[in-house]
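**Student:** Here is a sequence with its predicted model. Questions after.
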Amino acid sequence: MNKPPANTPTASIPVDHYENFPVASWLCPPRLRPAIAAIYHFARTADDLADEGDASVAQRLDALAQYRADLLAIAGEQAHSSQWPQVFEPLREVLRTFKLPVPLLADLLDAFAQDVRYTAAQRRYRDDAELLDYCTRSANPVGRLLLHLYGISDDLSLAQSDQICSALQLINFWQDVSTDVPRGRWYPSVQAMAAHGVQDADLQPGSHSDSATRLITAYAQSARALMQAGAPLACRIPGRAGWELRLVVQGGLRILDKIEALNFATWRNRPKLTAWDMPVMLWRALWMR
């Protein structure tokens, strides 16, 4: 549900909707790998509760509510429900050791629950400001949690992390139009669709709509600008973490290249990265300034 671009060929462990975030990869300092893996499993399991299987909307929301209760329990040094010990036992230790900001983890759960409710009700985002507000809970917390692990907390770094994470989330939306729309997930806002004269039929697989092309073009250009605004963060972070983030940035930008190569018609085809894109990403990462 909450999804930065998929199929980035880095050493990161995929988190379905957080694939481009650095998760316990070989570039990560060994001492942080258990913490990052714990965050991954927390997000991955919550995403499955919200999105997988044939549970009803009420059942999904109830499960997420219990999951939140378990998070708050371990944060308060209380016993969890034991429904997800593989998640909350490691996370308990990480919370103790690294003093993770619990509200950031709770924000992710808010985003998962919002996706469940919006999809069930066929609710659409009114405008792009509302969509970006969603990103503050669905994507930005992951970047801030990682910065916390690295001991980085200055305002500029946090702001640029938010820009990178929101850009990744948005890139994934425009990458996944062909899979999201059939499932009733409409991330293009009502306002933006109206501004470009796009109807629902224009975003169906058989469409060759010029209006839809203009819509996705505008969205892709906006996401690229947002990513480029946050990219200097990767050059300020030293060591392995900085190189990991460079590849994250370049993975997102490379997906945008693929979207452009499809003439922005991602309602017909879903672009993805392959191993052949890695040399391009590495070369661009090397020359980032």
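**Tutor:** Thanks, I have it. Numbers count the residues shown, from 1 in each chain.
**Student:** now for the biggest helix by length in the chain, which elements pack on it?
**Tutor:** Using DSSP state H to define each element, the chain has its longest helix at helix 239-261. Here helix 239-261 touches helix 155-175, helix 210-230, helix 232-236, helix 278-286, going by 3 or more C-beta pairs under 8 Å, 6 or more residues apart in numbering; DSSP states H and E. The way it works is simple: take the backbone N, C-alpha and C, and place the C-beta from them, glycine included.
**Student:** ok, for residue 162, nearest residue in space, not its chain neighbours?
**Tutor:** Closest residue to residue 162 apart from its sequence neighbours, by C-beta to C-beta, 6 or more residues apart in numbering: residue 140 at 4.6 Å.
**Student:** so what's that neighbour up against?
**Tutor:** Going by C-beta atoms under 8 Å, 6 or more residues apart in numbering, residue 140 touches 107, 161-162, 165-166.
**Student:** Double-check residue 152 against residue 237; I have them as touching.
**Tutor:** Yes - in this structure residue 152 lies within contact range of residue 237 using C-beta atoms under 8 Å: 6.9 Å.
**Student:** residues bridging contact with the two, i.e. touching both?
**Tutor:** Between them, residue 152 and residue 237 share no contacting residue, judged by C-beta under 8 Å, 6+ apart.
**Student:** thinking again about what came up before, for the contacts of residue 140, which single residue is the most surrounded?
**Tutor:** When neighbours are counted by other C-beta atoms under 10 Å, residue 165 leads those with 29 neighbours.
**Student:** could you show me where the helices are in the stretch 51-200 of the chain, in order?
**Tutor:** Along the stretch 51-200 of the chain, the segments classed as helices by DSSP state H, counting those that start in this stretch run 57-75, 85-98, 102-121, 128-138, 140-149, 155-175, 177-180, 190-195.
**Student:** Out of these, the one nearest residue 251 is which?
**Tutor:** helix 155-175 (8.3 Å; C-beta to C-beta).
**Student:** my read: residue 162 touches residue 136, true?
**Tutor:** Yes - contact criterion C-beta under 8 Å: residue 162 and residue 136 qualify, at 7.3 Å.
**Student:** okay, and for this structure, where does confidence drop off?
**Tutor:** 1-27 (pLDDT under 70).
**Student:** mind running it again at 80?
**Tutor:** Residue ranges of the chain with pLDDT under 80: 1-29.
**Student:** if we can go back for a sec, would you mark the buried spots in the longest helix of the chain?
**Tutor:** 240-256, 258-259 (16 or more other C-beta atoms under 10 Å).
**Student:** Same question for stretch 46-56.
**Tutor:** Using 16+ other C-beta under 10 Å as the test for burial, stretch 46-56 gives 46-47, 49-51.
**Student:** and residue 68, how many neighbours does it have?
**Tutor:** 17.
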